[in-house]
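A.B. asks: 3D model of this:
(one chain, ligands or ions: 3)
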Amino acid sequence: MSNSLIIRVAVAAPLFNLFDYLPPDDTSTQELLPGCRVRVPFGRSKRTGVIWEICDHSDAAPPSHSLKAIAEILDKTPLLDEYERHFLSWCASYYHHPIGEVVSAALPTRLRQSRQPGPTLEQGWKLTENTISPDDFRSAPVQQRILKSLHDCKQGMSDKQLRILDGEIPPALRRLQQKGVIERCDITPKLTPPSSDKRVILSPEQQRAVATIHAASGFSTLLLDGITGSGKTEVYLHAADEAISRGRQVMVLVPEIALTPQLLRRFQRGVDGVVAISHSALSGGDRERTWMQAHKGEADLLIGTRSAIFTPMPRLGLIIIDEEHDISFKQQQGFRYSARDLAVMKAKQSNIPVVLGSATPSLETLHNALKERYQWLKLRQRAGKAKPPQIGLVDIRAQRLRAGICSDLVKSIREEIDRDHQVIVFLNRRGYAPQLTCHACGWIAECRHCDARMTWHQKLQRLWCHHCGSQHVKPEKCPDCGATESLIYQGQGTERVEEYLSEVFPSTPVIRIDRDSTRRKGSLEKALHQVNQNDACIMVGTQMLAKGHDFPRVTLVGILNADQGLLNPDFRSPERTAQLLLQVSGRAGRAEKPGRVLIQTRHPHNPLLKTLLHKGYEAFSRDELEQRQHAQLPPFAHQALIRAEGTDSKQVQEFLQFAISRSPQLLPHIELWGPTPALIERKAGYFRWHLLLQTNNRQLLHQRLDAWLEWLRQQPQARRIRWSVDVDPVEIL
Ligand code: ADP
Ligand code: ZN
Ligand code: ZN
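C.D. replies: Ligands and ions are numbered 1, 2, ... in the order given. Below you'll find the model as predicted:
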């Protein structure tokens, strides 16, 4: 131990420890502040890290005199303040994940390296104080045009806006600058003030919800439980606007596929403040700019997908999670966090309210609402003149199907099309057919790298594995029996349904919306535009169609393969199926025209379907919670899943067997299940096995995990295999 300062650094890499360093050698340099990035020597190279804390002694194994010094301090002011570091430390310990990777998740890619953050404001030009008249520039028409434009735009114009004006701009600008008539300036983001005429008059239910959120002082979690189309987004807008008017920042998280241009526009128009957007498709530069705008407090509202939870907001006053039941809030690889659960923790640490909104709340959230840990706000009426859709089952057991569609549904589609209405046909499976089979010998096209079948994609003319992405051409004859012309497509995906409906309704546009049809940038927008342009049309799509979109002219939704979810062995499957059915159904009749939903099923007496349709989601979820309690499953138990994978199945199993060899000592009172193979054991050439840990005492689970993982990580076996911990797993695949 020595008396000199010790700097503890979170190095942006998959490392569990903080690392100790000495201050930089030249002591003349700037102040050392926690939260600033530094470059540190690490092994033979240098890495970027964040100063986590500064103390006067080192617990590190090498004595402090052998510690190395920080090579460079990168930031003058901290990027992560005390609250943010506290939050990230909590994340690392709760998810038993390396602090270095948690810090990496929190920083935009460019800031994980040693780069300096760029300007958050766009650069532009404005007129100087020197009085000039554009008329003096009659002989230089380009310069004259620029001056005229800047004259009309006193706060300045961005480079982008000026470039649109004229291709020749740069030299002309430089000449004007030399003459001292224009100068560089920052362009502050333009505010679109909420237009009062667009504001709807809130229903009494909505008003009550907004008032309750407004009245929440300090930490509180509110469940906004409102049927589809009940005006939840309108409640968010009012609550957000109100928080912004008090000088606070607002964070809004939405599921991956719900961040539509339509929703963005609603937020941009609906609040009186600067709106910043964050999602995974943004370029590195744009992401960094958003992050810095939020961090500096320049953005009033941040709307983004799951990873936006890590954006620091110094004036944060409200968090909103839309569609809180959506599993895209859970990161499914690497650092497996739940952005929804973290939002509740963040609100707690920041002592502010958090709103969880959904038409079909997760059972975890409903459980908390029933236990009165969350305030429960209900919207039971559809907004405006819209009425909830009529939902009916079609028993398809004795029916002849074409492309998976029964004649009743075709008849109903025809009725709506004849009235110039729009229709959605929902099928949760992309491609043309999920199976290619030889009808002579029974051979099935399977993936070489996975325990799974290949899907036939007609447009691509390829067999495609949806698990590992490998593709093949169709064999000319059966690889097993050699028969020619014996290969047939079985089952259907969206491509086949699209083909069939185009044949039946040749004069009606059939628009397919799934991951394949929207892969190209801007293609989803184009498809949605096409829908809005048309009167009658048929949309065929996967769950991409299930949320976020408001199609006022849709009056009929047909659901083709609802049974798929009813037969799935996962204990969460009934919950997921109910949520999906209601979300898709919610697309019908969102405006004045009443809507109806037809669900095709071979299990018309299924108790889940019956409760859901006759008594509603709340009754369904209370039944389901009772069953979970009976079976001691989440939310009545807490789980952690150890996932291991390797190219040798036996080695993977042996590792997990070894891992539980000391469970009597290290994991007392913890239920252990496994090792069991994943549902699809082999995926992309890797064999995947699981170990499930469970108890009804969350604290106990984490304590035991800590001790056990610390032991396990030190074992040589643990380094020979890929394995990870998934706390509160939502999908055990
Ligand atoms: P949700 O988010 O619950 O699905 P939205 O907020 O998108 O519902 O509202 C559905 C539709 O109803 C939108 O077109 C919205 O503009 C409209 N709407 C919402 N609240 C009202 C209201 N109080 N009066 C009239 N129309 C409303
Ligand atoms: Zn064959
Ligand atoms: Zn595969």
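A.B. asks: not counting its neighbours along the chain, what's nearest the residue of the stretch 551-700 of the chain found nearest ligand 3?
C.D. replies: As assessed by CB to the ion, ligand 3 sits closest to Ala684 within the stretch 551-700 of the chain, at 6.1 Å. For glycine as for every other residue, the C-beta is placed from the backbone atoms N, C-alpha and C. Of all residues not flanking Ala684 in the chain, Cys468 sits nearest, at 3.8 Å (CB to CB, 6 or more residues apart in numbering).
A.B. asks: for the residue of the stretch 551-700 of the chain closest to ligand 3, give me phi and psi.
C.D. replies: phi 50, psi 40 (degrees, to the nearest 10).
A.B. asks: what sits against it?
C.D. replies: Ala684 makes contact with His449, Cys450, His467, Cys468 under the criterion CB atoms under 8 Å, 6 or more residues apart in numbering.
A.B. asks: per-residue confidence at the residue nearest to Ala684?
C.D. replies: At Cys468, the model reports a pLDDT of 94.
A.B. asks: do the same with the one 3 residues further on
C.D. replies: According to the prediction, Gln471 has pLDDT 95.
A.B. asks: what is the closest residue to it other than its chain neighbours paired to in the beta sheet?
C.D. replies: Closest residue to Gln471 apart from its sequence neighbours, by CB to CB, 6+ apart: Arg462 at 4.6 Å. Note on Arg462: beta-bridge partners His457, judged by DSSP bridges.
A.B. asks: before we move on, back to that, who wins for neighbours among the contacts of Ala684?
C.D. replies: When neighbours are counted by other CB atoms under 10 Å, Cys450 leads those with 21 neighbours.
A.B. asks: residue contacts, that residue?
C.D. replies: Cys450 sits next to Cys465, His467, Cys468, Ile680, Arg682, Lys683, Ala684 when contact means CB under 8 Å, 6+ apart.
A.B. asks: what does the stretch 151-300 of the chain put close to ligand 1?
C.D. replies: 200-203, 206, 226, 228-234 (CB under 6 Å from any ligand atom).
A.B. asks: kindly recompute the last result at 5 Å.
C.D. replies: Contact residues, the stretch 151-300 of the chain versus ligand 1 (CB under 5 Å from any ligand atom): Val200, Leu202, Ser203, Gly229, Ser230, Gly231, Lys232, Thr233, Glu234.
A.B. asks: and the chain, by the same measure?
C.D. replies: Close to ligand 1, as judged by CB under 5 Å from any ligand atom, the chain has residues Val200, Leu202, Ser203, Gly229, Ser230, Gly231, Lys232, Thr233, Glu234, Ala383, Gly384.
A.B. asks: what's the neighbour count on the third one?
C.D. replies: So the one you mean is Ser203. Using other CB under 10 Å, Ser203 has 18 neighbouring residues.
A.B. asks: and it, what pLDDT?
C.D. replies: 93.
A.B. asks: what's the answer for the fourth one, then?
C.D. replies: Gly229 is assigned a predicted lDDT (pLDDT) of 84.
A.B. asks: repeat for the last one
C.D. replies: Note on Gly384: pLDDT of 79.
A.B. asks: residues in contact with it?
C.D. replies: Neighbouring residues of Gly384 by CB under 8 Å, 6+ apart: Val200, Ala591, Glu592.
A.B. asks: sorry, back to before: farthest pair within the residues of the stretch 151-300 of the chain next to ligand 1?
C.D. replies: Across those, no pair lies farther apart than Leu202 and Gly229, at 14.6 Å, counting by CB to CB.
A.B. asks: between the two, which has more neighbouring residues?
C.D. replies: Gly229 (25 against 17).
A.B. asks: so the more buried one belongs to a helix, correct?
C.D. replies: No: read with DSSP: H, G, I helix; E, B strand; the rest coil, Gly229 is coil and lies in no helix.
A.B. asks: how about the strands of the stretch 151-300 of the chain, start to end?
C.D. replies: Ranges of strands within the stretch 151-300 of the chain are 157-158, 182-187, 220-226, 249-253, 275-278, based on DSSP state E, counting those that start in this stretch.
A.B. asks: what residues sit buried inside stretch 278-293?
C.D. replies: For stretch 278-293, the neighbour count (16 or more other CB atoms under 10 Å) marks Ser278, His279, Arg287, Glu288, Arg289, Thr290, Trp291, Met292, Gln293 as buried.
A.B. asks: I'd like the residues you listed as CSV, with distance to Arg269 and pLDDT appended.
C.D. replies: Conversion of the buried residues of stretch 278-293 to CSV gives the following (distance: CB to CB, whole Å; pLDDT from 0 to 100):
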residue, distance to Arg269, pLDDT
Ser278, 19, 90
His279, 19, 84
Arg287, 24, 88
Glu288, 26, 91
Arg289, 22, 90
Thr290, 19, 92
Trp291, 24, 94
Met292, 24, 94
Gln293, 19, 93
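A.B. asks: next secondary structure element downstream of the strand or helix carrying His690?
C.D. replies: Under the criterion of DSSP states H and E, His690 resides in strand 686-695. Using DSSP H and E, the helix or strand that follows strand 686-695 in sequence is helix 698-713.
A.B. asks: now do that following helix and strand 686-695, the angle between them.
C.D. replies: Calculated by axes from the mean of the first three to the mean of the last three CA atoms, to 10 degrees, helix 698-713 forms an angle of 140 degrees with strand 686-695.
A.B. asks: pull the number of nearby residues for Thr365.
C.D. replies: 24.
A.B. asks: an error on my part: the question was meant for Arg419.
C.D. replies: Using other CB under 10 Å: Arg419 sits among 11 other residues.
A.B. asks: residue contacts, it?
C.D. replies: Going by CB under 8 Å, 6+ apart, Arg419 touches Ala536, Thr555.
A.B. asks: do you know how far it is from Lys593?
C.D. replies: The gap separating Arg419 from Lys593 is 9 Å, by CB to CB, to the nearest Å.
A.B. asks: kindly export stretch 442-462 (C-alpha atoms) in CSV.
C.D. replies: What follows is stretch 442-462, C-alpha atoms only, in CSV (Å, rounded to 0.1, in the frame of the first residue of the first chain):
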residue,chain,number,x,y,z
GLY,A,442,-40.2,-38.7,-47.6
TRP,A,443,-36.8,-36.9,-47.7
ILE,A,444,-36.9,-33.4,-46.2
ALA,A,445,-34.5,-30.6,-47.0
GLU,A,446,-32.6,-29.9,-43.8
CYS,A,447,-29.8,-27.5,-42.9
ARG,A,448,-26.4,-29.0,-42.8
HIS,A,449,-25.4,-26.9,-39.8
CYS,A,450,-28.6,-26.9,-37.8
ASP,A,451,-31.2,-29.3,-36.5
ALA,A,452,-33.7,-27.6,-38.6
ARG,A,453,-35.5,-27.6,-41.9
MET,A,454,-34.8,-25.2,-44.7
THR,A,455,-37.4,-22.7,-45.9
TRP,A,456,-38.1,-22.4,-49.6
HIS,A,457,-37.9,-18.7,-50.8
GLN,A,458,-39.6,-18.4,-54.2
LYS,A,459,-38.4,-14.8,-55.0
LEU,A,460,-34.8,-15.8,-54.3
GLN,A,461,-35.1,-19.3,-55.7
ARG,A,462,-33.2,-20.5,-52.7
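A.B. asks: so who does the residue nearest to Ala684 touch?
C.D. replies: Cys447, His449, Cys450, Lys683, Ala684, Gly685.
A.B. asks: pLDDT for those - can I get that in CSV?
C.D. replies: Formatted as CSV, the contacts of Cys468 follow (pLDDT from 0 to 100):
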residue, pLDDT
Cys447, 96
His449, 96
Cys450, 96
Lys683, 95
Ala684, 95
Gly685, 95
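A.B. asks: of the residues you listed, closest to ligand 1?
C.D. replies: Distances from ligand 1 to the contacts of Cys468, taken as CB to the nearest ligand atom, are shortest for Lys683 (35.8 Å).
A.B. asks: just the pLDDT at the residue nearest to Leu427 when sequence neighbours are not counted, thanks.
C.D. replies: Leaving aside its sequence neighbours, Leu427 sits nearest to Leu560 (CB to CB, 6+ apart; 4.4 Å). With respect to pLDDT, Leu560 has a value of 94.
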